[in-house]
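# Requesting a structural model of the entry that follows:
(2 chains)
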Protein chains: 2
Amino acid sequence: MPRNGLGVTSSELYANKQADLYEAQQERLYEEQQAALCDSGLPDTEVCDVLHVPPVEMPIFSEAWSRGRWLLGLLVLQSTSSFVLEQYQQLLKEHLVVTVFLTMLVGAGGNAGNQSAIKVIRGLATGTIKTTWPSVRKTLTQQAYIGVLLGGGLSVGGFIRVFITDGSLVNSCAISLSLFMIVMTSVLTGTMLPFGLAKAGIDPANAGTSVQVLMDISGVAITCFTCNLMLNHLSQILLPS
Amino acid sequence: MPRNGLGVTSSELYANKQADLYEAQQERLYEEQQAALCDSGLPDTEVCDVLHVPPVEMPIFSEAWSRGRWLLGLLVLQSTSSFVLEQYQQLLKEHLVVTVFLTMLVGAGGNAGNQSAIKVIRGLATGTIKTTWPSVRKTLTQQAYIGVLLGGGLSVGGFIRVFITDGSLVNSCAISLSLFMIVMTSVLTGTMLPFGLAKAGIDPANAGTSVQVLMDISGVAITCFTCNLMLNHLSQILLPS
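This next block holds a predicted model:
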C-alpha cells in the first residue's frame, strides 16, 4: 500500500473524500428542497432558514400569486376564531378588558408553545429525545412542570399588568387565569406536536409555526371560556351585589 | 513531488483537509453560539434552527426561569397594544365586528411581513441583494408593488369572509380596508427591517420575529384607526340616516 506521509493510505483518503462529497450533495439537495418551499411563499421561518441557496427571481405577479395563496389560506384559518368570539358577544360588550388584553394573551400562548416545540424538535434531531413511550412520557412530565411554573409566573406578571391599567381585582384575576390556562395548553401542545408529526412521518420541524396558528385560535377560545366563567358566573357567586 | 494516483499532491490534499477542518470548526462555533441563545429560552425559530447541537439538560426550575424571562418581556411588550385599544373603547363597544376579526387581521400582518423579511434575509445572505442604495431601492419598489397586489387580493378575500359572517357592507369595507393597510405596512416593514439591522451591524436573520412582534402592536393600531374612520366618520357622511 502506498502511504503518503499522513498516516492514511490513498484509498482511505479517496473513500473519505467520496463520503464527504456524497454527504455534501445530500445536504445541498435537502437545502434546495427547503429553498423551493420557501420561495413558494410559505411564511414558515423554520423551513426558510436556507441561507446558502439564493432566492428565485420571480416576476412581480408570480411572486404575489405564489405568496398570496399561503396568506389567504392562513387568513381563512385564523378567521375561524371569529366564530368563537361571536358566541361571546355579550361578554365582550360588557367586559372590555377581555378585548383589550386579547392580543397579549394570544401572543403569549404562541411564544410559550414555540419554546417547547423548539426544544423537542432539537432533541429529536440530535437523538437526546426519542419517539419511544418512556422518552415521550419523561419529556411531557418535565414540560408539564415547566408549564405550571411558566404559567404561574406569567399569570402573576399578567395580574400586575392588568391591575395597573384596569384597577379591577376580578378583571385582573380573570385575565391572569386565562393566561395560566393558555400557557399550560400551549406548552403541552408544543411538546406533543413534534412527537405527533414524527410518528406520522412528517418533519417535526414543522411544529413551530403550526403551534402558533393552533394557539392563535385556541387562545381566543380559552380566553372567552375562562373570562366568561370568571366574570359572568363566578363573580356573581363570590360577589353578590 | 510524490503523487498518490489521484492527480493531487499529498501537500495539496493536506492543505485542503486543513481548510475543510477550519471551516467545519467555524461553523460548529457559530452553531454552538446559536444553540446557547436558543437554550436560554428565546422563542425565535430562526436562531433555534440548530439541529446538530443537542439542547442543554437543565433542572426544571432553571429552564422555567430562563424561558420565563423572555416570555415576560414579550408579554409586557405585546401588552402595549392594550393602550391603543383603550383609546378606542367606544368603537369596540359599538362595533363588535372589529373585535371579532382583530386576531385574523393581526395574524395576517405578521405572516405577510415575515415573507418579505425572509426574502430579504436570504437575498442578503447569498449576496443577490446588497445594502447599497440602488439595491435597497430596487427591492423596496418590487416589494411595494407586491404589497399592493397582496393587500388587494387579501382584502377581497377578507371582504367576502366578513360579509358572509356579518352581512354588513360598511363593516366588510372597514375590515377589508384595515387588512389592506396592515398588509402594505407589514410588507414594507418586513423589507426594510433586515436592511436596517444589517446596516446597524446586527444579524439580519433576527428580523423575522421582530416583524411579527412589531405587527402585533401596529396591526391593532392600524385596525382601530381605520375602522374608527370608516365606521364612525365616513359612514355618517356616506350614509346619513
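# buried set for the strand or helix carrying A:I121?
A:I121 is part of helix A:96-126 when elements are defined by DSSP states H and E. By neighbour count, with 16 or more other Cβ atoms under 10 Å in any protein chain shown as the criterion, the buried positions of helix A:96-126 are A:96-125. Yep, even glycine has a C-beta here, placed from its N, CA and C like the rest.
# Can you give the domain ranges for chain A?
Structural domains annotated on chain A: A:10-66, A:81-238, as defined by automatic domain parsing.
# Serialize these to JSON lines and add fields for mean pLDDT and distance to B:I182.
Listed next are these as JSON lines, based on pLDDT from 0 to 100; distance: least, Cβ to Cβ, whole Å:
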{"stretch": "domain A:10-66", "mean pLDDT": "81", "distance to B:I182": "14"}
{"stretch": "domain A:81-238", "mean pLDDT": "91", "distance to B:I182": "13"}
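# For whichever helix or strand A:I222 is part of, C-alpha coordinates in PDB please.
Applying DSSP H and E as the criterion places A:I222 in helix A:207-228. Extracted C-alpha coordinates of helix A:207-228, given in PDB (Å, rounded to 0.1, in the frame of the first residue of the first chain):
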ATOM      1  CA  ALA A 207     -44.300  22.000  14.600                       C
ATOM      2  CA  GLY A 208     -43.200  25.600  15.400                       C
ATOM      3  CA  THR A 209     -45.500  27.500  13.000                       C
ATOM      4  CA  SER A 210     -48.300  25.100  13.500                       C
ATOM      5  CA  VAL A 211     -48.300  25.600  17.300                       C
ATOM      6  CA  GLN A 212     -48.500  29.400  16.700                       C
ATOM      7  CA  VAL A 213     -51.600  29.100  14.400                       C
ATOM      8  CA  LEU A 214     -53.200  26.500  16.700                       C
ATOM      9  CA  MET A 215     -52.700  28.700  19.700                       C
ATOM     10  CA  ASP A 216     -54.000  31.800  17.900                       C
ATOM     11  CA  ILE A 217     -57.300  30.000  17.600                       C
ATOM     12  CA  SER A 218     -57.400  28.100  20.800                       C
ATOM     13  CA  GLY A 219     -56.100  31.100  22.800                       C
ATOM     14  CA  VAL A 220     -59.200  33.000  21.800                       C
ATOM     15  CA  ALA A 221     -61.400  30.100  22.800                       C
ATOM     16  CA  ILE A 222     -59.600  29.600  26.200                       C
ATOM     17  CA  THR A 223     -59.800  33.400  27.000                       C
ATOM     18  CA  CYS A 224     -63.600  33.600  26.200                       C
ATOM     19  CA  PHE A 225     -64.400  30.400  28.100                       C
ATOM     20  CA  THR A 226     -62.300  31.300  31.200                       C
ATOM     21  CA  CYS A 227     -63.300  35.000  31.300                       C
ATOM     22  CA  ASN A 228     -67.000  34.100  30.800                       C
END
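# Where do the strands of chain A begin and end?
Listed in chain order, the strands of chain A (DSSP state E) amount to none at all.
# if we can go back for a sec, just want the angle from the helix holding A:I222 to helix A:96-126.
Counting by axes from the mean of the first three to the mean of the last three Cα atoms, to 10 degrees, helix A:207-228 lies at 150 degrees to helix A:96-126.
# Tell me how far helix A:207-228 lies from the chain's centre.
In terms of Cα atoms, centre = their mean, to the nearest Å, the centre of helix A:207-228 is set 11 Å apart from its chain centre.
# Measure how far stretch A:29-36 is from the centre of its chain, please.
22 Å.
# Give the buried residues for that stretch.
Buried-residue list, stretch A:29-36, by 16+ other Cβ under 10 Å: A:Q34, A:A35.
# So in chain A, which helix runs the longest?
With DSSP state H applied, the helix covering the greatest number of residues in chain A is identified as helix A:133-166.
# Give me the buried positions along that helix.
Buried residues in helix A:133-166, counting neighbours by 16+ other Cβ under 10 Å, are found at A:136, A:139-140, A:142-143, A:146-155, A:157-159, A:161-163, A:165-166.
# Does anything pack onto it? Which helices or strands?
Judged by 3 or more Cβ pairs under 8 Å, 6 or more residues apart in numbering or on different chains; DSSP states H and E, the packing partners of helix A:133-166 are helix A:96-126, helix A:169-199, helix B:60-78, helix B:81-87.
# Between those, which one is closest to B:K199.
helix B:60-78 (23.2 Å; Cβ to Cβ).
# what sits against A:Q78?
When contacts are counted by Cβ atoms under 8 Å, 6 or more residues apart in numbering or on different chains, A:Q78 touches A:V213, A:D216, A:I217, B:T103, B:M104, B:G107, B:A108.
# Tabulate these (JSON lines), appending distance to B:G208.
Putting the contacts of A:Q78 into JSON lines (distance: Cβ to Cβ, whole Å) gives the following:
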{"residue": "A:V213", "distance to B:G208": "16"}
{"residue": "A:D216", "distance to B:G208": "17"}
{"residue": "A:I217", "distance to B:G208": "22"}
{"residue": "B:T103", "distance to B:G208": "20"}
{"residue": "B:M104", "distance to B:G208": "21"}
{"residue": "B:G107", "distance to B:G208": "15"}
{"residue": "B:A108", "distance to B:G208": "16"}
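# tell me the angle the helix holding A:I222 makes with helix A:60-78.
For helix A:207-228 and helix A:60-78, the angle between their directions (the same axes, to 10 degrees) works out to 40 degrees.
# Name the residues of helix A:207-228 that are buried.
Taking 16+ other Cβ under 10 Å as the basis for neighbour counts, the residues of helix A:207-228 that come out buried are A:207-212, A:214-228.
# do it and chain B meet?
Yes - contact check for helix A:207-228 against chain B, using Cβ under 8 Å from any Cβ of the partner chain: residues in range are A:G208, A:T209, A:V213, A:D216, A:V220.
# my guess is the last one meets A:T80, correct?
In this case it means A:V220. No - the pair A:V220 and A:T80 fails to qualify as a contact (Cβ atoms under 8 Å) at a distance of 9.1 Å.
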